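[1] Quick one: sequence plus predicted model below, questions after.
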Amino acid sequence: MNKQIILVIVFAVIIIGGGVVLSQKKIDTPEENASYGEESQITPKKEKVVMYKSPNCGCCVGYAKFLRDKGFDVEVVISDDMSGLKDKYGISGNMRSCHTIAMGDYFVEGHVPMEAVKKMLDEKPDIDGITLPGMPSGTPGMPGSKREPYIIYQILNGESSEYMTI
């Protein structure tokens with residue numbers, strides 16, 4: 001009988017002690033684990049961005065999830081007038097993609113990789129925004145693998161020029 005009581009006490013101590021140790025273990029929060037790599041958060045605080053998308057586009061949902069995974073607070077706005085919105089931002093027909101994101105003082109058009117978004121947010125260039133025209137395979141939110149380099153363009157007052165190649 002004494003062995004059974006001792007055994008119960010030992011197990012109780014192990015279970016309670018393990019619970020205390022686990023409850024005191026530091027768990028990284030997005031704020032503590034923030035960096036700009038492709039596999040981590042983009043910002044230590046949740047930056048609010050607004051994604052404008054057509055009601056018929058499904059890949060935009062994938063890009064919104066990608067941004068959320070990077071630490072952004074994404075509001076999705078369904079729009080039946082995407083052309084009007086793109087005109088407002090000065091995004092010409094050959095520079096367009098399926099969705100447009102308002103991000104602070106900038107726009108991000110299409111499935112732009114985080115490396116380009118990070119560069120824009122870090123360097124704060126005198127531009128209106130960046131775009132990756134079309135819907136290239138392998139970009140964030142798009143299925144498939146990368147088939148060629150991604151050419152990201154910058155737009156200022158409706159004029160586009162190459163921003164970077166990834």
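    Nice, thanks for sending it over. Residues are numbered from 1 along each chain as shown.
[2] Please point out which parts of stretch 96-114 sit buried.
    Along stretch 96-114, the positions that meet the burial threshold by neighbour count (16 or more other Cβ atoms under 10 Å) are 96-103, 106-114. C-beta coordinates here come from the backbone N, C-alpha and C atoms, glycine included.
[3] which residue is nearest the middle of this structure?
    Centrality entry for the chain: nearest residue to the mean C-alpha point is L67, 1.8 Å, by Cα atoms, centre = their mean.
[4] I'd say that one and V74 touch.
    Yes: if you go by Cβ atoms under 8 Å, L67 and V74 touch, sitting 5.0 Å apart.
[5] Now list whatever residues contact both of the two.
    V49, M51 (Cβ atoms under 8 Å, 6 or more residues apart in numbering).
[6] Surely V112 is in a helix?
    No: using DSSP: H, G, I helix; E, B strand; the rest coil, the assignment for V112 is coil, not a helix.
[7] residues in contact with it?
    Listed by Cβ under 8 Å, 6+ apart, the contact partners of V112 are I130, T131, L132, T139, P140, I152.
[8] same deal with N94?
    Taking Cβ under 8 Å, 6+ apart as the criterion, N94 is in contact with P133.
[9] for E75, same thing?
    The neighbourhood of E75, defined by Cβ under 8 Å, 6+ apart, consists of K48, V49, V50, M51.
[10] got it, and M135?
    Contacts were defined as Cβ under 8 Å, 6+ apart; by that measure M135 touches C59, S97, C98, G110, H111, M142.
[11] With pLDDT and distance to N157 added, can I get those in JSON lines?
    Shown next, in JSON lines, are these (pLDDT from 0 to 100; distance: Cβ to Cβ, whole Å):
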{"residue": "C59", "pLDDT": "86", "distance to N157": "29"}
{"residue": "S97", "pLDDT": "94", "distance to N157": "20"}
{"residue": "C98", "pLDDT": "91", "distance to N157": "23"}
{"residue": "G110", "pLDDT": "95", "distance to N157": "19"}
{"residue": "H111", "pLDDT": "95", "distance to N157": "24"}
{"residue": "M142", "pLDDT": "92", "distance to N157": "29"}
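[12] which element follows the helix or strand bottoming out on mean pLDDT in the chain toward the C-terminus?
    The helix or strand of the chain with the poorest confidence is helix 2-24; it has a mean of 47 (mean pLDDT, DSSP states H and E). Counting by DSSP states H and E, the element after helix 2-24 in chain order, helix or strand, is strand 47-53.
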